[in-house]
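1. give me a model of this one.
(chains A, B and C)
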Amino acid sequence: MQMKEYKPLIVAFCCNWCSYAGADLAGNNRLNYPAEVKIIRVPCSCRVNPMFILRAFQRGADGVIICGCHPGDCHYTSGNYFTRRRMAALFSMLDFLGIEKERTRVEWVSAAEGAKFAATMNDFVEKVVSLGENKRLEDLRCKR
Amino acid sequence: MRKIVLEKIDLLFEAISNTMSLYLPVDQNDGKAAYTKWEEGKKWSEALNTVKSPKDFFFPQTEDMMEFKVEGKNIEVIDTRKASEDFVVFGVRACDVKAFDILDKVFLVDPCDSYYATKREHGIIVAVACNKPSETCFCSAFGIDAADPKADVSAWKTENELYLQANTEKGEKLLKALENVTEEATEEKVTEQKEQIAKIMKKLPLADLDTSKFGGGKTDEFFNSPEWEELSESCLGCGTCTFVCPTCQCYDIKDFNTGNGVIRYRCWDSCMYSDFTRMAHGNNRNSQKERFRQRFMHKLVYYPENNEGIFGCVGCGRCVSRCPISMNIVKVMKNLGGKENE
Amino acid sequence: MQKITKEMLIDKATELLNNGTVSLVLGWKKGEYDYDVTPGVFESVEELKKDFVFGDFSAANLSKYLVKKTEKLEGKILVFLKPCDTYSFNQLLTEHRFDREKVYAVGVQCDGMVDIEKVKKIAGDGILSVDCNGEDIVVKTLYNDDMTIAKADVLAERCANCKSKKHVAYDELLGESGEVIDSNRFDEVEKLEKMTADERFAFWQNELSKCIRCNACRDACPACTCEKCVFNNPNSGVENKSPANSFEEKLFHIIRAYHVAGRCTDCGECSRVCPQNIPLHLLNRKFIKDINEFYGEYQAGAEVGSRAPLVDYTLNDLEPGEVFDRGDENA
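-> The predicted structure follows:
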């Protein structure tokens, strides 16, 4: 890897119905957000298994963000309510193991909130950059 | 024979680690000993033995074998073997020393396992006699003398001193390099210590464990024994016994996808696992009973059959004390060996 | 409080075998020493008389064995359950892992189990016998004089912090069933929570580095009853047989604890069976504590059929970002 300016790798899991469309809108509106954010489209935010998040870190992510419909607006009625509980439990556990809490986040972004999507990503990337490289959940084999 | 006062034992450790890495049992925060690299301040554990056996130094739990890098249509194969440097493993018990012989018979016969062989060449083993064997010890059943361990260097701990005796060329070289910190000694104290240990060995609860029923050629006799069913019924199928065992040598070779290449590595495997030696058609041992039987038949029948009657167990007692459900080779031997053993 | 002896259990089992209520008995078998008790199935009164044992080392939780043992069973199996085992029993029933009709459960009063490791720390190695008589245990060893140790000093961690003496499921009771205890079981978790993130990281890095990935924690866990574990499934992408590096160690233990979050009854088997003495129960207790704080008190297995918190929701749940902003946080 190059030793140039530190560029974080951010994985954003976006729900198909709201947040992915929100990202689309951000693009249509020519709103800037860092190119280091790699979006993975999922059918619903509750499709995100805790394993996905850990695996993203393993493969070199420095931050993982999950975006879904606002509570109450889930395309599948209740998916994001489950996401909310699952991620609360997982994030608290990661924190318990001493892994920086700023590296993980859940945000609710609707299809109409292109501006919020861009702002969220800018803010998240900034936080992760201030933390630096992910050392606590890294897999050195993947960095060779 | 050389000796050093125990008070000054750190000088010995320092002298060794000046030229090479020294590993010895050190107490961990949970009170259990584990082999640790010596550095200033590390104290040699009083514990009888470590939870994990020293086979890790020669046959690590995970070991990279090679690496593949993919660029375009090219695949580059990278040899990840590193040139090994000399190292000393200090404080190995007689049972674990014997375990190396058992591993050698697997890894050093043709085709020789070069990963294991390099480490074996560079490793110098200092064995120490057991002054206080545990109730779980049964090395004497396999003809091992806890009072007289035979490694590159044999050592005896008396009340105030540590006596050292070289048995091999490597051992002599090591002791020669340590002449500054050790002094010449006679054998009297050592003989005394040996006698004392021999007395304790006779008092151990498992001192009269009988192995004569087992050995090569007994497959038919034991394979279909009805006892296996009962012995294995509560086995959880975990890998504790195999992973703490100093003689278990099965491994699996796996590929790890790093995202920009592949690392081929080997790692310990356990015959207790449901996916052990899994093939295209599935596992050839479908029930926990079969898997359980495999482990003990291997130690008591198959291994001796292929290795001049030497058993694949050294009686270190690790599985006896660590098994989550307390089922172990001693119970197996007593059950299969008939009533006179009880 | 009367003392429950193994004879009382044998008599009960004999009675139930003889009157045809049950055809098998799931209990504990005596071992080589006084402390290495193995779970086992007994088919006859003779077997019971020969090997059955119950005492301060009958620690193994027998409820998970019911899944396998009732699979092809005709008739009923008798199982002896200590209070904490009954929670696992209920949880397995909630998840439809065995048929209640095939089991005759006898609740056994429990006075706490002894941890032989703790005994060895005090009395030394070379244990020849351990005699438990109520409050004290008498230990004979090869190297030291006979020693009397207060049982309270050598109780297993989970028993020292016992959460309940109440049997939540049984057909019949031997001895007394107590109450749910307001225990200190979360103290250790709180201590860790009060540390800085760096300290916590160092603590877990050190503990988890001892892992040899024997899977004993998973295989002994009554909540882990998947036919094929994700860590054994080559198609899952995370299957592995060894803790190849510190990431693998963390991945395994985070996910293991996560998969039983909300279903873990805190029976403590994971920590009991760990050959490396990793305090795995702390991970489970962290989830239990969080769930209690976020979504209201919940005890898995307290009743059959209750909905586990992580497969439930309310409209006003805490946001994931808010879990860090609670009072005790000081990172």
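
2. the strands in the stretch 1-150 of chain B, which residues?
-> Per DSSP state E, counting those that start in this stretch, the stretch 1-150 of chain B has strands spanning B:2-5, B:21-27, B:33-37, B:62-71, B:74-79, B:87-92, B:123-128. These are given in chain order.

3. ok, the fourth one near chain C or not?
-> Yes - counting by CB under 8 Å from any CB of the partner chain, chain C is contacted by strand B:62-71 at B:Thr62. C-beta: built from backbone N, CA, C; applies to glycine.

4. packing partners of that strand?
-> Contact analysis of strand B:62-71 by 3 or more CB pairs under 8 Å, 6 or more residues apart in numbering or on different chains; DSSP states H and E lists strand B:74-79, strand B:261-268 as its packing neighbours.

5. what are the buried residues along the last one?
-> By neighbour count on 16 or more other CB atoms under 10 Å in any protein chain shown, the buried set for strand B:261-268 is B:261-263, B:265-268.

6. mind telling me which residue of the stretch 151-300 of chain B is nearest chain A?
-> Nearest residue of the stretch 151-300 of chain B to chain A, counting by CB to the nearest CB: B:Thr258, 4.7 Å away.

7. chain neighbours aside, what residue packs nearest to that residue?
-> A:Cys142 (4.7 Å; CB to CB, 6 or more residues apart in numbering or on different chains).

8. count of neighbours near the one you found?
-> A count of nearby residues for A:Cys142, using other CB atoms under 10 Å in any protein chain shown, gives 18.

9. just to be sure, it is in a strand?
-> No - A:Cys142 is assigned helix when assessed by DSSP: H, G, I helix; E, B strand; the rest coil, not a strand.

10. quick one on the thing from earlier: and the residue of the stretch 151-300 of chain B closest to chain A, what does it touch?
-> A:141-142, A:144 (CB atoms under 8 Å, 6 or more residues apart in numbering or on different chains).

11. for it, give me the pLDDT.
-> Looking at B:Thr258, its pLDDT is 89.

12. so where's the chain uncertain?
-> Went with chain A since none was named. Counting by pLDDT under 70, the ranges of chain A that qualify are A:1-4.

13. I was after chain B.
-> B:338-342.

14. hmm, stretch B:120-129 in reach of chain C?
-> No - with CB under 8 Å from any CB as the criterion, chain C is not reached by stretch B:120-129; the gap is at least 15.5 Å.

15. check which residues of that stretch are buried.
-> Across stretch B:120-129, burial judged by 16+ other CB under 10 Å covers B:120, B:122-129.

16. helix, strand or coil for C:Gly40?
-> Under three-state DSSP, the three-state class of C:Gly40 is strand.

17. now do the contacts for it.
-> C:Gly40 neighbours (CB under 8 Å, 6+ apart): B:230, B:233-234, C:26-29, C:51.

18. and if we set it to 6 Å?
-> C:Gly40 makes contact with B:234, C:29, according to CB atoms under 6 Å, 6 or more residues apart in numbering or on different chains.

19. need the residues of the stretch 151-300 of chain C near chain B, please.
-> Counting by CB under 6 Å from any CB of the partner chain, the residues of the stretch 151-300 of chain C lying close to chain B are C:212, C:214-216, C:219-220, C:232, C:241-242, C:244, C:273, C:275, C:277.

20. make it 10 Å
-> The stretch 151-300 of chain C comes close to chain B at residues C:203, C:206-207, C:210, C:212-221, C:228-229, C:232-234, C:237, C:239-245, C:248, C:269-270, C:272-279, as judged by CB under 10 Å from any CB of the partner chain.

21. filter these to the buried ones?
-> Among these, those classed as buried by 16+ other CB under 10 Å are C:203, C:207, C:210, C:212-221, C:229, C:232, C:240-245, C:248, C:269-270, C:272-279.

22. chain A next: which of the residues you listed are close?
-> Residues of those in contact with chain A (CB under 10 Å from any CB): C:203, C:244-245, C:248.

23. just flag the most distant two among the residues you listed.
-> Spatially, the most separated pair among these is C:Phe203 and C:Ala244, at 21.6 Å (CB to CB).

24. ok, the residue in the stretch 151-300 of chain C positioned nearest to chain A to C:Glu188 distance?
-> Among all residues of the stretch 151-300 of chain C, C:Phe201 sits closest to chain A, at 2.6 Å; criterion: CB to the nearest CB. Using CB to CB, to the nearest Å, C:Phe201 is found at 17 Å from C:Glu188.

25. if anything else comes up later, I'll come back, but that's it for now.
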